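S.K.: okay, here's the prediction I keep looking at, along with the sequence it came from:
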Amino acid sequence: MKKLIILLCFISVSLVLRAANINPAKPRILVFSKTQGFRHSAIEVGKAAIMKLGKENGFLVDTTENAAYFNNDGLKKYAAVVFLSTTGDIFNPAQKASFEKYIQAGGGFVGVHAATDTEYGWPWYGKLVGAYFVSHPKQQMATLNVIDRSHISTKHLPAVWTRKDEWYNFKDINKDLKVLITIDEKSYTGGINGEPHPMAWYHVYDGGRSWYTELGHTEESYTDPLYLNHLLGGIQYAIGRK
């Protein structure tokens, strides 16, 4: 009888471990869209699109505009944080410190469009996101060159991608960026960065993984399969193996 009980216990433990391997915990991300400056109309459709991407691709999505989420305990549950067109100064000093600790502990960061129009007085953040917004011309068609098609966020894209969006000019571009997409300034009016003019990039910064895309100003972006898979790949890169 004793041997039977031991055998049953062994089988039960084996089944539990097998179930854990088959159904690992889904990673969870936080979509943060607080704005203290210009507010993009695409934020709401962007949040909905990311939540749909999560359901379809095996990760959980929380959304907030409350910077109080950025505390040491609150951030621990997230594999990555998405700054969805945030603008202006959005954190107090304690929240900045908590976010720095989160990245230093291996957290992931995704910046979308106006994430570069955020926290100009915080150099650490500028290095993390990769650059700061300077200006933009009117929305218009332009030609993008996908110069790295080996990355998870660009492998599905054509080498030359023509689309309409709002095209940012940048300053303080981090020299350590691994650029994925550039824009051909000859294909539109209003570009001031010259060649190369980066539009999407990734890098490892201060212990964490950072990915940014300038694309995503228009509401139409969030129904465009090419853009959605680009954004999905960026999120998956930021999540990593966590």
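M.R.: Perfect, I can see it now.
S.K.: and the next element down the chain from the least confident helix or strand in the chain by mean pLDDT?
M.R.: Sorting the helices and strands of the chain by mean pLDDT, DSSP states H and E puts helix 2-22 at the bottom, at a mean of 45. Downstream of helix 2-22, the first helix or strand assigned by DSSP states H and E is strand 28-32.
S.K.: which strand residues bridge residue 118?
M.R.: Residue 118 forms beta bridges with residue 88, as assigned by DSSP bridges.
S.K.: residues contacting it?
M.R.: By Cβ atoms under 8 Å, 6 or more residues apart in numbering, the contact set of residue 118 is 83, 86, 87, 88, 89, 90, 125, 129. In this view, the C-beta of every residue, glycine as well, is placed from N, C-alpha and C.
S.K.: would you turn these into a markdown table with neighbour count, pLDDT and distance to residue 197?
M.R.: A markdown table is the format used below for those (neighbours: other Cβ atoms under 10 Å; pLDDT from 0 to 100; distance: Cβ to Cβ, whole Å):
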| residue | neighbour count | pLDDT | distance to residue 197 |
| --- | --- | --- | --- |
| 83 | 26 | 99 | 21 |
| 86 | 29 | 98 | 22 |
| 87 | 22 | 98 | 22 |
| 88 | 15 | 98 | 24 |
| 89 | 13 | 98 | 27 |
| 90 | 22 | 98 | 27 |
| 125 | 23 | 98 | 22 |
| 129 | 27 | 98 | 17 |
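S.K.: can you redo these as a markdown table with distance to residue 224?
M.R.: Conversion of the contacts of residue 118 to a markdown table gives the following (distance: Cβ to Cβ, whole Å):
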| residue | distance to residue 224 |
| --- | --- |
| 83 | 20 |
| 86 | 22 |
| 87 | 23 |
| 88 | 27 |
| 89 | 31 |
| 90 | 27 |
| 125 | 28 |
| 129 | 23 |
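S.K.: closest one of the residues you listed to residue 68?
M.R.: Ranked by distance to residue 68 (Cβ to Cβ), the contacts of residue 118 are led by residue 90 at 11.4 Å.
S.K.: if I look at the closest one, how far off is residue 212?
M.R.: 16 Å (Cβ to Cβ, to the nearest Å).
S.K.: name the nearest residue to residue 234, sequence neighbours excluded.
M.R.: Among residues not flanking residue 234 along the chain, residue 211 sits closest, at 4.1 Å (Cβ to Cβ, 6 or more residues apart in numbering).
S.K.: looking at this, that neighbour is in a helix?
M.R.: No. Under DSSP: H, G, I helix; E, B strand; the rest coil, residue 211 sits outside any helix and is assigned strand.
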